[in-house]
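[1] Sequence isn't available, so here's the structure alone:
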């Protein structure tokens, strides 16, 4: 059973702070990792994906991957109230395995003014 | 189309009724996924199509659930004899390729079974 674990939160940070969202996964062979943002009552929206160990930056967002520790994180710099949402981590086994992603339950982020 | 379109957005069914949920993927997208999302949970995989072929249906919770994509475009998820535990948001996603292509989600259908 492939598992993707996220703290459900809520994680509350003040506006302008760095929000750090974490995700661990059980399948050591996983190849690709995705972060989705989901506003209440809306569909998930992709914000970042990462395949290689290390950091990947896109604007205020940084994804960090450590395959040895089976850990992927998302950092949001200069957090804004509009970042308040649930962040879903998804893990895809990739080539040679199923292409079906496994989602975590999501972490609720609240950015307060 | 501009995005993945799902209909209806909301569906209320009496227990025992059959329901049909429609997904219209982004034009030209090969892959189509159905997910079930319960309140406070992440999306749970139901089934996957590559064009018209249903390659994986391992996530369908029972034989009351059936999905089809006969022409490789629009897909329908049918639930027969609905039960209260079927109440959830049903999400459809499509992607342009196979394997690890990025998935684009529709707005979902919120099903409530009374």
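    Thanks, I have it. The structure presented is a predicted model; accordingly, all values stated were derived computationally and were not measured.
[2] what's the nearest residue to the residue of chain B found nearest chain A if we skip its chain neighbours?
    When scored by Cβ to the nearest Cβ, chain B has residue B:42 as its residue closest to chain A, at 3.5 Å. In this view, the C-beta of every residue, glycine as well, is placed from N, C-alpha and C. In space, and not counting its chain neighbours, residue B:42 is closest to residue A:103: 3.5 Å by Cβ to Cβ, 6 or more residues apart in numbering or on different chains.
[3] Can you tell me which residues in chain B are near chain A?
    Contact residues, chain B versus chain A (Cβ under 8 Å from any Cβ of the partner chain): B:4, B:33, B:35, B:40-45, B:48, B:56, B:59, B:91, B:98-100, B:102-108.
[4] Run through chain A and note the low-pLDDT ranges.
    A:1, A:94-98 (pLDDT under 70).
[5] Now for the nearest residue to residue B:111 once chain neighbours are set aside, how many residues are close by?
    Among residues not flanking residue B:111 along the chain, residue B:11 sits closest, at 5.0 Å (Cβ to Cβ, 6+ apart). Residues near residue B:11, counting by other Cβ atoms under 10 Å in any protein chain shown, number 18.
[6] Surely residue B:11 is in a strand?
    Yes. Assessed with DSSP: H, G, I helix; E, B strand; the rest coil, residue B:11 lies in a strand.
[7] what residues are up against it?
    B:19, B:21, B:109-112 (Cβ atoms under 8 Å, 6 or more residues apart in numbering or on different chains).
[8] now with 6 Å?
    When contacts are counted by Cβ atoms under 6 Å, 6 or more residues apart in numbering or on different chains, residue B:11 touches B:19, B:109, B:111.
[9] Low-confidence regions, chain B specifically.
    Looking at chain B by pLDDT under 70, you get B:1, B:99-100.
[10] Quick one: the strands in it, in order.
    Using DSSP state E, the strands assigned to chain B run over residues B:5-7, B:10-13, B:19-24, B:31-37, B:44-50, B:53-56, B:65-68, B:75-79, B:88-95, B:104-105, B:109-113.
[11] so can I have JSON lines of those showing distance to residue A:16?
    JSON lines is the format used below for the strands of chain B (distance: least, Cβ to Cβ, whole Å):
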{"stretch": "strand B:5-7", "distance to residue A:16": "37"}
{"stretch": "strand B:10-13", "distance to residue A:16": "37"}
{"stretch": "strand B:19-24", "distance to residue A:16": "40"}
{"stretch": "strand B:31-37", "distance to residue A:16": "31"}
{"stretch": "strand B:44-50", "distance to residue A:16": "35"}
{"stretch": "strand B:53-56", "distance to residue A:16": "44"}
{"stretch": "strand B:65-68", "distance to residue A:16": "45"}
{"stretch": "strand B:75-79", "distance to residue A:16": "43"}
{"stretch": "strand B:88-95", "distance to residue A:16": "33"}
{"stretch": "strand B:104-105", "distance to residue A:16": "30"}
{"stretch": "strand B:109-113", "distance to residue A:16": "35"}
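[12] number of nearby residues for the closest residue to chain B within chain A?
    Taking Cβ to the nearest Cβ, chain B has its nearest neighbour within chain A at residue A:103, 3.5 Å off. Close neighbours of residue A:103, defined as other Cβ under 10 Å, add up to 22.
[13] which residues does it bridge with?
    Here residue A:103 sits in beta bridges with residue A:90, as judged by DSSP bridges.
[14] Need the residue closest to the centroid of chain B.
    residue B:34 (3.4 Å; Cα atoms, centre = their mean).
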